[in-house]
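Asker: Okay, predicted coordinates and the sequence, questions at the end:
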Amino acid sequence: MLQTRVIAPVANAHQAPLLIRRLLLSGSRYEKTREIVYRDQRRYSYATLNERVARLANVLSAAGVKAGDTVAVMDWDSHRYLECMFAVPMIGAVLHTINIRLSAEQILYTMNHAEDKFVLVNSEFVPLYQGIASQLSTVEKTLLLTDAVEKTADLPNLIGEYETLLAAASPSYDFPDFDENSVATTFYTTGTTGNPKGVYFTHRQLVLHTLAAASVLGSLDSIRLLGSNDVYMPITPMFHVHAWGIPYVATMLGVKQVYPGRYEPDMLCRLIREEKVTFSHCVPTILQMVMGAPIAQGHDFGGLKLIIGGSALNRSLYEAAKARGIQLTAAYGMSETCPLISCAHINDELLAGSEDERISYRIKAGVPVPLVEAAIMAADGSLLPADGESQGELVLRAPWLTQGYFREPEKGAELWEHGWLHTGDVATIDDFSFIDIRDRIKDVIKTGGEWISSLELEDLISRHPAVREVAVVGVVDPQWGERPFALLVLREGQALDAKGLKEHLKPFVEQGSINKWAIPSQIALVTEIPKTSVGKLDKKRIRLDIAQWKAAGSAFLSTL
Ligand code: AMP
């Protein structure tokens with residue numbers, strides 16, 4: 001490293017470490033009476049939030065939780081989860097946000113791997129917990145979270161029920177200062193092969209991520225999604241990358257927050273309407289689910305601003321949302337990146353251009369946010385030009401990227417090969433610094449020596465008026481190596497076969513957007529497309545399903 005001038009601080013200078021505790025302070029200073037709302041069941045002020053965080057810290061400490069211990073949560077999105085996001089790291093412990101949508105076997109693996117000592121369990125997950133309890137090797141105590149009148153459950157080493165314990169605890173706690181590089185949170189990401197991998201984030205990383213997210217969402221005129229008068233509700237689970245870290249941003253700013261519990265379209269729409277939610281974030285499939293829900297028909301979403309990330313945003317969804325009054329902003333990130341990396345920023349030059357061009361930029365992964373460096377890397381580790389043409393793996397550097405995988409140094413070293421975090425995504429970066437994700441490396445379809453982006457095909461196919469949802473994967477072909485295969489969910493009363501789809505795609509071949517090999521020779525019409533635990537297209541499952549259908553000669557396959 002370069003030798004520079006470093007002056008040691010005087011002995012009594014306070015270093016003010018970047019701790020999550022500091023994020024909690026300002027919200028209640030700004031807006032003491034503003035509310036935190038949980039479904040139609042509970043609402044309280046920021047002043048109460050601060051007290052409840054202290055009460056929870058007292059409960060945890062009294063139960064024996066010490067700095068460095070891991071405290072796990074199994075809950076839907078709730079005010080309790082928000083309190084855990086603060087209280088657990090603020091006493092120096094590590095919050096493990098359990099992905100409750102994984103299989104029981106995977107949950108068990110993650111809990112043992114993370115060495116969970118203390119677990120907060122929602123009553124809905126008690127049967128699941130009971131099923132794995134005897135194989136949990138590190139858990140010492142449990143605590144019950146419940147909305148029910150019944151305040152007890154058959155959980156091993158139960159210390160009590162959340163609200164009852166909080167009510168009996170002191171509303172003040174002398175939170176200590178400690179090293180900002182202490183781990184604050186951990187959770188598991190599920191790849192296509194092998195066991196889930198544990199990523200982890202420090203106080204310093206979460207604080208810097210919060211500050212960067214707040215500045216991007218609040219200060220860039222082309223984005224301006226979150227100001228202190230907005231009303232925030234997550235529609236990305238809190239177990240998945242801390243609901244993209246936005247609860248920390250909202251709390252720091254004193255924004256009214258609404259937590260919807262389990263995601264039920266009726267409750268989501270009701271809360272949006274009755275609590276006047278103006279800002280949220282989700283993956284494209286969840287937005288589709290919400291807009292398509294029977295209760296949402298005729299619902300006025302006017303004024304709702306959403307970040308869409310986690311998967312590519314296609315043009316049809318962008319336009320459908322716009323027609324319903326929803327302003328979408330695309331963003332990119334991943335579990336390993338805390339997650340915010342980039343957000344679609346329409347600069348002066350693009351503003352002066354055509355609406356069509358603007359939309360094509362609004363749906364891209366966006367421009368790296370402050371403090372993030374992004375580059376395109378070739379297979380040999382060299383960096384490629386950001387010319388909008390050169391494709392390679394998107395690699396990243398930023399202060400808030402996971403520094404490895406928990407207890408798996410070899411996988412961590414692979415993630416950080418050549419000193420850049422490898423995303424596993426093929427991308428380009430153009431002159432406007434816009435990242436364009438072309439595909440996951442493993443989802444690119446290789447047919448007859450040509451490379452086809454499954455994302456691009458999905459975008460073009462979704463523009464057909466009969467198509468409600470689409471997923472494209474490569475399937476093995478003896479002649480071409482691979483061929484694209486499309487899974488389609490059609491709109492009610494609509495019909496489409498492989499020939500019809502070919503007709504729809506032909507003009508894009510003629511314009512040169514795709515080559516003729518990109519036209520799927522086989523499609524399947526289904527009622528539902530498999531999704532992952534966080535609502536993304538589950539391409540691993542889709543490939544398995546297709547292989548089985550082909551072996552069985554299923555009648556619903558349509559071939560050219
Ligand atoms: P996860 O770690 O499960 O959150 O998944 C991260 C992956 O989601 C990334 O590596 C991308 O493949 C994908 N992804 C996230 N945001 C976008 C986006 N805006 N456009 C395309 N793909 C995205």
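Answerer: Yes, it's here.
Asker: which bits of the stretch 201-350 of the chain sit near the ligand?
Answerer: Proximity of the stretch 201-350 of the chain to the ligand, by Cβ under 6 Å from any ligand atom, involves residues Gly309, Gly310, Ser311, Ala312, Ala330, Tyr332, Gly333, Met334, Ser335. Bear in mind the C-beta positions are built from the backbone N, C-alpha and C, glycine included.
Asker: most neighbours, which of those residues?
Answerer: Tyr332 (30 neighbours; other Cβ atoms under 10 Å).
Asker: Now do the contacts for the nearest residue to it once chain neighbours are set aside.
Answerer: Leaving aside its sequence neighbours, Tyr332 sits nearest to Ala365 (Cβ to Cβ, 6 or more residues apart in numbering; 3.5 Å). By Cβ atoms under 8 Å, 6 or more residues apart in numbering, the contact list for Ala365 reads Ala312, Ala330, Ala331, Tyr332, Ile341, Ser342, Ala344, Ala427, Phe434, Ile435, Asp436, Ile437.
Asker: doesn't Gly309 make contact with the fourth one?
Answerer: To tie it back to what came earlier, the one meant is Tyr332. Yes: in this structure Tyr332 lies within contact range of Gly309 using Cβ atoms under 8 Å: 6.0 Å.
Asker: sorry, back to before: can you select the buried ones from the contacts of Ala365 in PyMOL?
Answerer: The buried subset of the contacts of Ala365, as determined by 16 or more other Cβ atoms under 10 Å, is captured in PyMOL by this line:
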select buried, resi 312+330+331+332+341+342+344+427+434+435+436+437
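Asker: Now the contacts of Ala365 in a markdown table, please, with extra columns for pLDDT and secondary structure.
Answerer: As requested, these are exported to a markdown table (pLDDT from 0 to 100; DSSP: H, G, I helix; E, B strand; the rest coil):
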| residue | pLDDT | secondary structure |
| --- | --- | --- |
| Ala312 | 95 | coil |
| Ala330 | 97 | strand |
| Ala331 | 98 | strand |
| Tyr332 | 98 | strand |
| Ile341 | 98 | strand |
| Ser342 | 98 | strand |
| Ala344 | 96 | coil |
| Ala427 | 98 | strand |
| Phe434 | 98 | coil |
| Ile435 | 98 | strand |
| Asp436 | 97 | strand |
| Ile437 | 97 | strand |
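Asker: now, which of the contacts of Ala365 sits nearest Gly198?
Answerer: Nearest to Gly198 out of those is Ile341 (Cβ to Cβ; 20.1 Å).
Asker: host element of Leu401?
Answerer: According to DSSP states H and E, Leu401 maps onto no helix or strand at all.
Asker: what does Leu56 give?
Answerer: Short version: Leu56 belongs to helix 46-62, going by DSSP H and E.
Asker: who touches Lys117 in this structure?
Answerer: Going by Cβ under 8 Å, 6+ apart, Lys117 touches Val65, Asp69, Thr70, Val71, Thr138, Val139, Glu140, Lys141.
Asker: Show me what whichever residue of the stretch 401-550 of the chain sits closest to the ligand is bridged to.
Answerer: Nearest to the ligand, among the residues of the stretch 401-550 of the chain, is Ile437, at 3.8 Å (Cβ to the nearest ligand atom). Residues in a beta bridge with Ile437, per DSSP bridges, are Ala427.
Asker: check contacts around it.
Answerer: Ala312, Tyr332, Lys364, Ala365, Leu394, Asp425, Val426, Ala427, Leu455.
Asker: Now the fifth one: phi and psi?
Answerer: Right, the one you point to is Leu394. Main-chain torsions, Leu394, degrees, to the nearest 10: phi -70, psi 130.
Asker: so it bridges to which residues?
Answerer: With DSSP bridges as the rule, Leu394 is bridged to Ile376.
Asker: Check Ile307 too.
Answerer: His281, Thr329.
Asker: cool, Phe187 as well?
Answerer: With DSSP bridges as the rule, Phe187 is bridged to Val199.
Asker: residues contacting it?
Answerer: His96, Thr97, Ile98, Asn99, Gly198, Val199, Phe239, His240, Val241, Ser335.
Asker: What separation do you get for the residue nearest to the second one when sequence neighbours are not counted and His113?
Answerer: Spatial nearest neighbour of Thr97, chain neighbours left out: Phe239 (4.2 Å); criterion: Cβ to Cβ, 6+ apart. Taking Cβ to Cβ, to the nearest Å as the measure, Phe239 falls 16 Å from His113.
Asker: ok, now Gly493?
Answerer: Counting by Cβ to Cβ, the gap from Gly493 to His113 is 48 Å.
Asker: what about the two, which has more around it?
Answerer: Neighbour count, other Cβ under 10 Å: between Gly493 and His113, His113 has more, with 20 against 6.
Asker: List just the nearest of the residues of the stretch 201-350 of the chain next to the ligand to Tyr248.
Answerer: Gly333 (14.6 Å).
Asker: For the closest one, which non-adjacent residue is closest in space?
Answerer: With Cβ to Cβ, 6+ apart, the residue lying closest to Gly333 is Pro339, at 3.0 Å.
Asker: Kindly report the same for Ile132.
Answerer: Excluding the flanking residues, the one nearest Ile132 by Cβ to Cβ, 6+ apart is Leu108, at 4.3 Å.
Asker: Test my guess that that neighbour contacts Ala133.
Answerer: No: in this structure, Leu108 is not within contact of Ala133 by Cβ under 8 Å, at 9.5 Å.
Asker: any idea of the pLDDT on the residue nearest to Thr97?
Answerer: pLDDT, Phe239: 97.
Asker: so it makes contact with His96?
Answerer: No: counting by Cβ under 8 Å, Phe239 sits too far from His96 to count as a contact (9.3 Å).
Asker: residues contacting the closest residue to Gly419 other than its chain neighbours?
Answerer: Excluding the flanking residues, the one nearest Gly419 by Cβ to Cβ, 6+ apart is Arg397, at 7.8 Å. The neighbourhood of Arg397, defined by Cβ under 8 Å, 6+ apart, consists of Val372, Glu373, Gly419, Trp420, Leu421.
Asker: measure Arg397 to His418 for me?
Answerer: 11 Å.
Asker: Lys32 too?
Answerer: According to Cβ to Cβ, Lys32 stands 49 Å off from His418.
Asker: right, and Ser61 touches Ala93 too?
Answerer: No: contact criterion Cβ under 8 Å: Ser61 and Ala93 do not qualify, at 9.4 Å.
Asker: who has more neighbours, the two?
Answerer: Using other Cβ under 10 Å, the more surrounded residue of Ser61 and Ala93 is Ala93, with 25 against 15.
Asker: Let me know whether stretch 540-551 sits next to the ligand.
Answerer: No: using Cβ under 6 Å from any ligand atom, stretch 540-551 stays clear of the ligand, coming no nearer than 12.5 Å.
Asker: Contacts for that stretch next, please.
Answerer: Contacts for stretch 540-551 (Cβ under 8 Å, 6+ apart): Thr192, Ala471, Val473, Val475, Phe485, Leu487, Ala524, Ile529, Pro530, Phe556, Leu557.
Asker: Alright, I will stop here.
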